[in-house]
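Enquirer: This is the structure alone, sequence omitted:
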């Protein structure tokens, strides 16, 4: 690849990434339907023609947005679940502590995108619904593997299949996150954390 082509390719990645990052931040606050492309492009300082160079439609943009969100989310999750010097139980609980810190009713800076858009876009676009399905399945799979490892190292125990427990925990925390937004208080995370410790047979802090 010559220098000019490499520079052009890097510029494309930067512009596309800027549009996605801006959209993620704005839509995490307002939702998908309430945000127009003009708002995103004005904030990103990108002309509309550039948008359609990278995304064929708003739905295609939404799909790309979710794919990028889950790619980053799962990478962060992998780091947390591989944290050195910790038992797997401690790593799993650190993941939920980070969830509680990020999935707030305050400005979450785009980190609560799946919670914010889940119910809304699942009925708007099949492509976005499938992106959500793949992304959340990746979260549950990693959590299930971590719980299995915790059982193996003796730092936690469960009743039943680890992946079923992981699915229950994800749904528990997803529901708690919705309630946090409804009541505008982090209080629902308290019972969610207590239930998590109970399901993993961990002593209360």
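Expert: It's in. These figures come from a predicted structure and were not determined experimentally. Residues are numbered from 1 along each chain as shown.

Enquirer: Where does the prediction get shaky in this protein?
Expert: 1-13, 104-111, 205 (pLDDT under 70).

Enquirer: Could I get the full set of helices for this protein?
Expert: Taking DSSP state H, the helices of the chain run over residues 3-30, 37-44, 48-54, 58-81, 88-102, 113-122, 126-153, 162-183, 189-199.

Enquirer: In a markdown table, list these along with mean neighbour count.
Expert: The C-beta positions use only the backbone N, C-alpha and C, and glycine is treated the same way. Formatted as a markdown table, the helices of the chain follow (neighbours: other CB atoms under 10 Å):
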| stretch | mean neighbour count |
| --- | --- |
| helix 3-30 | 15 |
| helix 37-44 | 16 |
| helix 48-54 | 14 |
| helix 58-81 | 18 |
| helix 88-102 | 19 |
| helix 113-122 | 20 |
| helix 126-153 | 17 |
| helix 162-183 | 18 |
| helix 189-199 | 17 |
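
Enquirer: Check the spacing between the nearest residue to residue 76 once chain neighbours are set aside and residue 173 real quick.
Expert: In space, and not counting its chain neighbours, residue 76 is closest to residue 98: 7.9 Å by CB to CB, 6 or more residues apart in numbering. From residue 98 across to residue 173, the span is 11 Å (CB to CB, to the nearest Å).

Enquirer: re earlier: does the residue nearest to residue 76 touch residue 81 like I think?
Expert: No: using CB atoms under 8 Å as the test, residue 98 is too far from residue 81 to be in contact (10.7 Å).
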